[in-house]
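Trainee: Generate a structure from the sequence data that follows.
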Amino acid sequence: MLALRLTRAARPAVQLRRLLVAAASAGTGFLLLSCLGYALDRPEAAGGGALRLAWCAVPLAATVYFALAVARTDPGTRPRPGLSAVGLGPARLMAISALTTALSCTVGSLLALMFFLHLRGDLRGLPLDGAAADFLAAGRPLPVPAALTLLALAPTAASAAVALAFRPTDPRPAPRGALRLGRFGAHGRAAARDTFGSYGRFGTGTRARAAGTGAAETPRERSRTSALVGADGTVSAPDGTLPAPGAAVDDEPTGEDTGPDGAEATPPAVTVPAPVGRVPADLPWGIALLAAGLTVHAYAGRSGPAPSLATLPGEAVTVLLGWLLTTVGFVLAAPGLTHLCGLLLQCARPGALRLLAGRVLMSEAGRIGRPLGVVCAVASAGYAMTSLYSGSAASFGPLTALGALLVAGCTVATLLTAAVEARQCRADTIAALLRLGAPAGMLRGAAALRVAALLALFGPLTVAIAALAALPAAR
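Mentor: Numbering: from 1, shown residues only. Predicted structure coming up:
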């Protein structure tokens, strides 16, 4: 019930994204039901029906990927302070996200079933003069359990992916080993070696001289040391524990060592700014997989012409393996290339516009890069298939066109949704820039510059990869 209320109370943009998820689920469900109709109409061609069902795994994966991206940008299930007190902890929010995704996909599957039954003529007769009766098995009874099983694939897979991505994690730190007393009485070992300044600042030399001469450490010195070093290794100075700077201390030894009461007893804290974005480490692996995919394509193109998509010979399996390696290579290399694009934008004495655009690209390389890599992989595969099978129109029917449109639409929509998520994560930064007087036109110009830089880098790269992949088979 709470998931239904959150669905109803969402903003129009959120509702639009959920409707797009329902439309993608409807397209995937219709393709699955079409495979069932093909198997019912041609029971002797069991291999062809299984192959068509296997090809539906690509639109199904694209739909699940898009549903996961939409669930990430849903503001209704975002963790907020105080929600755990009313029973909306991480596990409950994860369940609400999974139920909301399952609801959207279930609506799409029901629409696919209604449209499939309408084309079969089970509702009001055969539409379109019976043109769709050949591949939908219009004259045969529809097995209800098989149809419901196929329609449940998209909601089940999407909700399982959302639940796996949003699973609650333990916020507590990992348990450490046995605690040992480190230097200065702090638990554990110090992260870095102590310098000479800290040696003198904490009065270690004074205590060493006192131990060498046999003099006992005074209670005042012991209280000062415990005030400076806490149990967690942090430096603190409670009120009234330490005297004011410049005050006279009777029992403080004089010398070159600086004691706790010196001017350098409490050095100013230095705040190290967080890095803009960690450099992705998957770029070499992505380039290696891209090269391996192109090598597999070259090996598959030596045996003869391009294999048909309707059958699955050994050459087609090799081509599919090549495209799988190329896709994984694109996905792994895209964040590193996006980070490199941000670095290139900041070269050669950048101004405020280029500096802002480059820093945003570097910080959002992981969030934007992977959906962009998927889009580039799909675009390169579509370009190569169009160039290879341009003369054989029989290979591209209405169901093939629907599957290609569904995959391309889901990947592009996922990229746009990732951009929306990145903007939501930068909302506080954008508001701070506007409060400081930054013009809104400069922010829009930085966004346009980022898009232009990504197109300039990934556009020629996608065309080059597609041309190299289609070159061996086109000979």
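Trainee: Give me the pLDDT for Ala306.
Mentor: With respect to pLDDT, Ala306 scores 51.
Trainee: correct me, but Gly27 touches Pro59?
Mentor: Yes - checked against Cβ atoms under 8 Å, the pair Gly27 and Pro59 is within contact range at 6.7 Å. All C-beta spots, glycine's among them, are computed from the backbone N, C-alpha and C.
Trainee: Mind listing the shared neighbours of those two?
Mentor: The contact sets of Gly27 and Pro59 overlap at Leu406 (Cβ atoms under 8 Å, 6 or more residues apart in numbering).
Trainee: Quick one: mean pLDDT for the helix or strand harbouring Leu289?
Mentor: Using DSSP states H and E, Leu289 sits within helix 283-300. Across helix 283-300, pLDDT averages out at 86.
Trainee: Report the helix or strand with the lowest average pLDDT across this protein.
Mentor: One helix or strand of the chain scores below all others by mean pLDDT, DSSP states H and E: helix 219-228, with a mean of 46.
Trainee: can you pull the contacts of the nearest residue to Leu399 once chain neighbours are set aside?
Mentor: Excluding the flanking residues, the one nearest Leu399 by Cβ to Cβ, 6 or more residues apart in numbering is Ser34, at 5.5 Å. If a contact means Cβ under 8 Å, 6+ apart, then Ser34 has Arg52, Phe116, Phe135, Leu136, Leu399 as its contacts.
Trainee: List phi and psi for Ser34.
Mentor: phi -70, psi -40 (degrees, to the nearest 10).
Trainee: got a pLDDT number for it?
Mentor: With respect to pLDDT, Ser34 scores 88.
Trainee: Repeat that for Ala452.
Mentor: pLDDT for Ala452: 93.
Trainee: Strands of the protein, residue ranges please.
Mentor: Here the chain has no strands by DSSP state E.
Trainee: which stretches of it have low pLDDT?
Mentor: 1-10, 76-88, 125-135, 137-138, 170-278, 300-316, 388-396, 472-475 (pLDDT under 70).
Trainee: Now Arg426. Nearest residue, chain neighbours left out?
Mentor: Using Cβ to Cβ, 6+ apart, the closest residue to Arg426 is Val360 (7.1 Å).
Trainee: Run a quick neighbour tally on the one you found.
Mentor: Residues near Val360, counting by other Cβ atoms under 10 Å, number 24.
Trainee: Over to Ile368?
Mentor: 22.
Trainee: show me what contacts it?
Mentor: Counting by Cβ under 8 Å, 6+ apart, the residues that Ile368 touches are Thr338, Leu361, Leu415, Ala418, Ala419, Ala422.
Trainee: run the last query once more with 10 Å
Mentor: Applying Cβ atoms under 10 Å, 6 or more residues apart in numbering to Ile368 gives the contacts Ala334, Pro335, Thr338, Val360, Leu361, Leu415, Ala418, Ala419, Glu421, Ala422, Arg450, Leu454.
Trainee: before we move on, the earlier item: got the buried residues for the helix holding Leu289?
Mentor: Across helix 283-300, burial judged by 16 or more other Cβ atoms under 10 Å covers Leu283, Gly286, Leu289, Leu290, Ala292, Gly293, Leu294, Val296, His297, Ala300.
Trainee: on that earlier part again, same list, the contacts of Ile368, but as a markdown table with distance to Ala23 please.
Mentor: Listed next are the contacts of Ile368 as a markdown table, based on distance: Cβ to Cβ, whole Å:
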| residue | distance to Ala23 |
| --- | --- |
| Ala334 | 26 |
| Pro335 | 29 |
| Thr338 | 29 |
| Val360 | 31 |
| Leu361 | 31 |
| Leu415 | 17 |
| Ala418 | 19 |
| Ala419 | 20 |
| Glu421 | 20 |
| Ala422 | 24 |
| Arg450 | 28 |
| Leu454 | 26 |
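Trainee: Return a ChimeraX selection command for the buried portion of those residues.
Mentor: The ChimeraX command for the buried members of the contacts of Ile368 (criterion: 16+ other Cβ under 10 Å) is given here:
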select :334,335,338,360,361,415,418,419,421,450,454
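Trainee: Sort out which one of the contacts of Ile368 lies nearest Ser97 for me.
Mentor: Glu421 (13.9 Å; Cβ to Cβ).
Trainee: The closest one touches Glu364, doesn't it?
Mentor: Yes - counting by Cβ atoms under 10 Å, Glu421 touches Glu364, with 9.3 Å between them.
Trainee: Please report the distance of Leu402 from Met362.
Mentor: 39 Å (Cβ to Cβ, to the nearest Å).
Trainee: more crowded one of the two?
Mentor: A direct count of neighbours by other Cβ under 10 Å for Leu402 and Met362 places Met362 higher, at 21 against 16.
Trainee: so who does Val378 touch?
Mentor: By Cβ under 10 Å, 6+ apart, Val378 lies in contact with Val58, Ala62, Thr327, Phe330, Ala404, Val407, Ala408, Cys410, Thr411, Val412, Thr462.
Trainee: In those, which residue is surrounded by the most others?
Mentor: For the contacts of Val378, counting by other Cβ under 10 Å, the largest number of neighbours falls to Phe330: 30 neighbours.
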